[in-house]
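> Kindly return the folded structure for what I paste below:
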Amino acid sequence: MSLALLLGSMLGLAALGIPLVFALLASSLLTILVFSPDLPLEVVPQIFVQGMDSFALLAIALFFLAGELMGASGVITRILDFARSLVGHLRGGLAQVGILASLVMAGVSGSAVADAAAIGSVLIRSMRQVGYPAGFAAALVMTASILGPIIPPSIPMIIYAVLAGTSVGAMFLAGIVPGLLIAVGLGIVAYWRVGAFGLPPEPRATGTEIKRATSRAVLALLAPVIIVGGIRGGVFTATEAGAIAVVYILAISTFVFKGLSARGLGEALVRAAHGTSAVLVILGASSIFAWIIADQGISRAFADMITGLGAPGWLVLLLINVLFLAVGMFLDPLAALIIMVPIFLPLIQSIGMDTVQFGVMAVLNLMIGLCTPPVGYLIYMTATMGEVRPTEVVRQSLPFIGVLLAVLLLVTYVPALTLLLPNLVAGR
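Numbering: from 1, shown residues only. All right, here's what the predicted structure looks like:
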């Protein structure tokens, strides 16, 4: 009954257009008043603040800022030029460029929205100019930006690691192979689909052009290597890696590339602050929600109920995926992560699933929700960039979504995809 009231009131308020943060807070307060009337309400703001009071969460602000600095300094153009010199001559060259650039950008920002904003603002316009349908260009950028939270560093994986009490470094390593599979799959679909557009191939870059593009972008390309290598080498923590990424990108943007103006720096700081505050407020509100789930024993009762049905493990995982996908269609991914993980963590542990594997599965599930109606934020964001209807973006994205779902199934049922690198590098 407490879960029904908690979720029902939250979804009802959200359906009425109440902002998610206030819907979470109102449903949490209502549930506390009904089921724990003797609980002092002073506890609520304490839990809210505790939900944001974690040193690991400081990395969110830093990686947000690192991504914004890359966009403001023109580094994205250098990365796109580098990608174009390598794969621009392939069929669907600009589409392949977008995927490769997203892969590189993913190694810095950790955010799908930041990646889509930085790359889409340049790439969608370029693709339209050479004859790509606007809906296809927007759909490609939208689905490729999912690499941001899968390839390390990843803001959602930092949050999951805090929730599940697992290693941030292990989560980062676990996302590498699935991220590469997504990139390859999207590239194959783009290669196949672009054949119908009748676009002439771009000329192959010469060795000199490749060297020039590489030399222009090499310092930017080193950023992901420094971040991931430093974390896994034990040189610094994930939070310290965010600070180093900011200092590194600020240094190369100001003194080497000389593309970051004072105005650009100010705008990047404001956007990073806005993005970080939005995430942290949702984290605080969702923490109250998650505390009620723990206090009422909902997660353990739910796990006992499912295991009591005697369903095989593969079916339980399939049902969890379906539920996560459904929730991701309506809720903000970070809020959904905080709400859903405490419910399902005991269940997946009872069927023997590794918490790191479950983390990648949960994050990928909820990132797919950013690309699916009715609430998928990336749909409307990329549609605005491409000056095309959101329904056209959705239609063009269906084959790409198929790739994401295929990788999701592999992550769910092939543990080695996510656990191989953490086991090899971290000795788990």
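> For the helix or strand harbouring Ala278, buried residues please.
Element membership for Ala278, per DSSP states H and E: helix 262-295. Neighbour-count burial for helix 262-295 flags 264-265, 268, 271-272, 275-276, 279-293 (criterion: 16 or more other C-beta atoms under 10 Å). Every C-beta, even on glycine, is put in place using the N, C-alpha and C of the backbone.
> Pro201: neighbouring residues, count only.
When counting by other C-beta atoms under 10 Å, one arrives at 12 neighbours for Pro201.
> Give me the outermost residue of the chain relative to its centroid.
Centroid-distance maximum for the chain: Asp38 at 39.3 Å, with C-alpha atoms, centre = their mean.
> Tell me how far that one lies from Ser9.
20 Å (C-beta to C-beta, to the nearest Å).
> Look up how far Ile351 lies from the residue positioned nearest the centre of the chain.
Centroid-nearest residue in the chain: Pro149, 2.9 Å away (criterion: C-alpha atoms, centre = their mean). Separation of Pro149 from Ile351 (C-beta to C-beta) stands at 25 Å.
> Over to Ser126?
47 Å.
> cool, Ala117 as well?
Using C-beta to C-beta, Ala117 is found at 39 Å from Ile351.
> Give me the more crowded residue out of these two.
Shown here are Ala117 and Ile351; by other C-beta under 10 Å, Ala117 has more neighbours (23 against 16).
> Just list the residues touching that one, thanks.
Contacts for Ala117 (C-beta atoms under 8 Å, 6 or more residues apart in numbering) come out as Gly71, Met381.
> Okay, angle between the strand or helix carrying it and helix 262-295 too, please.
In the assignment (DSSP H and E), Ala117 maps to helix 112-129. Relative orientation of helix 112-129 versus helix 262-295 (axes from the mean of the first three to the mean of the last three C-alpha atoms, to 10 degrees): 130 degrees.
> pretty sure Pro178 is touching Pro152, no?
No. Taking contacts as C-beta atoms under 8 Å, Pro178 lies outside contact range of Pro152: 11.3 Å.
> in the stretch 151-300 of the chain, which ranges drop under the pLDDT threshold?
Low-confidence segments of the stretch 151-300 of the chain, defined by pLDDT under 70: 298-300.
> which residues in it form strands?
Under the criterion DSSP state E, counting those that start in this stretch, the stretch 151-300 of the chain contains no strands.
> coming back round to it: which other helices and strands contact the helix holding Ala278?
Helices and strands touching helix 262-295, by 3 or more C-beta pairs under 8 Å, 6 or more residues apart in numbering; DSSP states H and E, are helix 2-15, helix 20-35, helix 43-52, helix 58-72, helix 155-164, helix 333-350.
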